[in-house]
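Visitor: Dropping the sequence and predicted coords here.
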Amino acid sequence: MAGALTEQAPRQPPGRGDRRVKIALLAASGVTFAFLVAAMARENFFSSWRYHQRQYRGMLAGSPDERQRKLAESFNIEIRQVDLPQLGTTDRCVSCHVGMDNPAMAGARQPYAPHSGDYLKHHPVSKYCCTVCHRGQGAATNFHEAKATDVFWDYPLLPARLTQASCGTCHAADSPLMAKHAPALALGQQLFVERGCQGCHKLDGVGGQLGPALDGEGHKIKHQLPMAHVHGDHTLPNWLEQHFAHPQAVVPGSQMRPPRLTSAENEALTIYMLSLRRRDLPQTYTPPDWIASRDRELHQKETDPAALFRRYCAGCHSDGTYGTWDPFFKRFNPAVRGPGLRGFADKQYLRTAVEQGRPGTLMPGWGKSAGGLTDEQVSKLVDYLAEGDKRPAQPRRPLTPLAGGDSAHGGALFTQLCAACHGSNKLAPMLSNLVFQNSASDDLIVQTIRNGRTDTAMPAFQREGAAGLTDDEVRDLFAFIRSLGK
């Protein structure tokens, strides 16, 4: 009875479902194995670097030059790479570019042609590798991954027309050496100075604050930049070139005034920006021109006032002799070297304006703790502004007494006569900012109200022999302007 109860039913034979699973697993294993075999064959027999080396050996063997034929006999098909731990670089570019140092390959197509120019004479691959200058993924063994524009690599291959940027890694862009051997880099640095880029951007601690600092600009990766509106490959060079051509198209709402560059100038400025890299190099890689440039920057700073004004001020004030309307920022830029200001402003007023800027406007402070200029450079700029453009200063007509003005009535006059420019639209400087209030003398404010500013949009409100404000109204307006500082 117990045996009968514990007797189990006979097992059923496996069904079709189990067979299908086994067949599927076997097929998947076969496909996987086939892929592994194909990958092994591709890597060991059909890889691009092997193909190029076989082609190169064939070209050597078929050369009419006996020395080239002997090279073919000893040429081995193998991975070639250069390791430079002092630069943190390992490059396999020479696995494909096997003829880069062989002059007999002149006229051959890439990757068999020798390197252009005499660069390898002064920069041998064994000391500098390839990616130090050309960027790209040095460990790659095929061109697609070496170019690295659409793979996970921070610094893709530089286009050949932009490789002069890499000269700035070791050399000074403003040196005679670069003017001769890397003219596009030298032109880019010259444009950076002449177009007044440092009026808005800091570099080496000196410059304005409207735009971002440019130290290490050439070392940025694409993930640090807005690429949504960049056409073509999302790379730093493409971003820079398109941004210079039309800043607002690449960065909507950008406050950068379009530089209006020719295509050659755009390329040169892009090259200079790409040269601004933060890369520490061993002392043995530091050339004399770079040392001389750093010495000038640290110990022989620019003190020519005209050069200082052109580099840091001319971007907004042009030559400073006439007030201008800025259509991009939609505001007036005053004539800072004209007779209208020089007749009423003393050097202390000018120094305060240069050192501390004008809060509430685009005018930054240029003192050592702000724009980075030294006291000597600020003094040179102040003297340059005070000297002006040699035209006779406006005559002074003192108004006494100044006390007793009606601030309330002055406020009504300000709304009627002044607020259109000095109001919330900020077409002209805000008169309430404390830098102006603390540095402008009473006489300067009154003389400006009465006489205006020659060669600017600021009119005279009390001309001799013409209708205008009475002396009492000038006092009222002066009283209101002073109340703004409180």
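Guide: In hand now; what should we look at?
Visitor: any weak-confidence spans in the protein?
Guide: By pLDDT under 70, the weakly predicted segments of the chain are 1-17, 43-45, 465-466.
Visitor: Kindly report the domain assignment for it.
Guide: According to the domain assignment given by automatic domain parsing, the chain is divided into the following structural domains: 48-157, 162-281, 305-387, 407-484.
Visitor: for those domains, which one sits closest to Leu298?
Guide: Closest of those to Leu298 is domain 162-281, at 9.4 Å (criterion: Cβ to Cβ). Bear in mind the C-beta positions are built from the backbone N, C-alpha and C, glycine included.
Visitor: Please settle this for me: is Trp325 part of a strand?
Guide: Yes. With DSSP: H, G, I helix; E, B strand; the rest coil as the criterion, Trp325 is part of a strand.
Visitor: before we move on, back to that, any chance of JSON lines for the domains of the chain, columns mean neighbour count and distance to Val37?
Guide: Listed next are the domains of the chain as JSON lines, based on neighbours: other Cβ atoms under 10 Å; distance: least, Cβ to Cβ, whole Å:
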{"stretch": "domain 48-157", "mean neighbour count": "16", "distance to Val37": "17"}
{"stretch": "domain 162-281", "mean neighbour count": "18", "distance to Val37": "34"}
{"stretch": "domain 305-387", "mean neighbour count": "19", "distance to Val37": "63"}
{"stretch": "domain 407-484", "mean neighbour count": "17", "distance to Val37": "72"}
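Visitor: got a list of what Thr454 touches?
Guide: With contacts defined as Cβ atoms under 8 Å, 6 or more residues apart in numbering, Thr454 is in contact with 335, 338-340, 394.
Visitor: Just flag the most distant two among those.
Guide: Farthest pair in these (Cβ to Cβ) is Ala335 and Gln394. Separation: 11.6 Å.
Visitor: Can you pull the phi and psi angles for Asn76?
Guide: Dihedral pair for Asn76: phi -100, psi 140, per degrees, to the nearest 10.
Visitor: re earlier: in TSV: the domains of the chain, plus distance to His299.
Guide: As requested, the domains of the chain are arranged in TSV below (distance: least, Cβ to Cβ, whole Å):
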stretch	distance to His299
domain 48-157	28
domain 162-281	14
domain 305-387	11
domain 407-484	31
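Visitor: Among those, which comes closest to Ser293?
Guide: For the domains of the chain, distance to Ser293 was read as Cβ to Cβ. The smallest value, 3.3 Å, belongs to domain 162-281.
Visitor: Looking at the domains of the chain, spot the one closest to Val21.
Guide: Val21 lies closest, by Cβ to Cβ, to one member of the domains of the chain: domain 48-157, at 36.9 Å.
Visitor: Was I right to think Leu236 contacts Leu225?
Guide: Yes. The pair formed by Leu236 and Leu225 meets the contact definition of Cβ atoms under 8 Å, at 7.0 Å.
Visitor: Could I get the contacting residues of the closest residue to Met256 other than its chain neighbours?
Guide: Leaving out its chain neighbours, the residue that sits closest to Met256 by Cβ to Cβ, 6 or more residues apart in numbering is Pro247, at 4.1 Å. With contact set as Cβ under 8 Å, 6+ apart, Pro247 has these partners: 254, 256-258.
Visitor: what about the strands in the stretch 1-150 of the chain?
Guide: Counting by DSSP state E, counting those that start in this stretch, the stretch 1-150 of the chain forms strands over residues 82-84, 89-91, given from the N-terminal end onward.
Visitor: Give me the nearest residue to Pro398, chain neighbours excluded.
Guide: Asp443 (7.2 Å).
Visitor: Which helix or strand contains that neighbour?
Guide: With elements delineated by DSSP states H and E, Asp443 resides in helix 442-451, which encompasses its position.
Visitor: Could you tell me which residues make contact with Gln248?
Guide: The contact partners of Gln248, by Cβ under 8 Å, 6+ apart, come to 254, 256, 258.
Visitor: What of Thr141?
Guide: Residues in contact with Thr141 (Cβ under 8 Å, 6+ apart) are 47-49, 79, 92, 95-96.
Visitor: Leu484 now?
Guide: Leu484 is in contact with 431-432, 437, counting by Cβ under 8 Å, 6+ apart.
Visitor: so which of those comes closest to His229?
Guide: Using Cβ to Cβ, Ser432 comes nearest to His229 of these, at 38.2 Å.
Visitor: Pretty sure that closest one sits against Lys486.
Guide: No. Using Cβ under 8 Å, Ser432 and Lys486 do not qualify as a contacting pair, with a distance of 9.3 Å.
Visitor: Quick check: which of the strands of the stretch 1-150 of the chain is nearest to Ala34?
Guide: In terms of Cβ to Cβ, the element of the strands of the stretch 1-150 of the chain nearest to Ala34 is strand 89-91, at 32.5 Å.
Visitor: what lines up beside the closest one in the sheet?
Guide: Here strand 89-91 has these sheet partners by DSSP bridges: strand 82-84 (antiparallel).
Visitor: So what touches the strand it pairs with?
Guide: Strand 82-84 is contacted by residues 89-91, 94, 125-130 when judged by Cβ under 8 Å, 6+ apart.
Visitor: got the strands of the stretch 1-150 of the chain as TSV, with distance to His219 columns?
Guide: Formatted as TSV, the entries for the strands of the stretch 1-150 of the chain read as follows, by distance: least, Cβ to Cβ, whole Å:
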stretch	distance to His219
strand 82-84	19
strand 89-91	15
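Visitor: thinking again about what came up before, which residues sit against the helix holding Asp443?
Guide: In this structure, residues lying in contact with helix 442-451 by Cβ under 8 Å, 6+ apart are 340, 343-345, 349, 394-399, 402, 458, 460-462, 469, 474, 477-478, 481-482.
Visitor: try it again with 6 Å
Guide: Outside of helix 442-451, the residues that reach it under the criterion Cβ atoms under 6 Å, 6 or more residues apart in numbering are 344-345, 394, 396, 399, 402, 460-462, 474, 477-478, 481.
Visitor: Cool, thanks, signing off.
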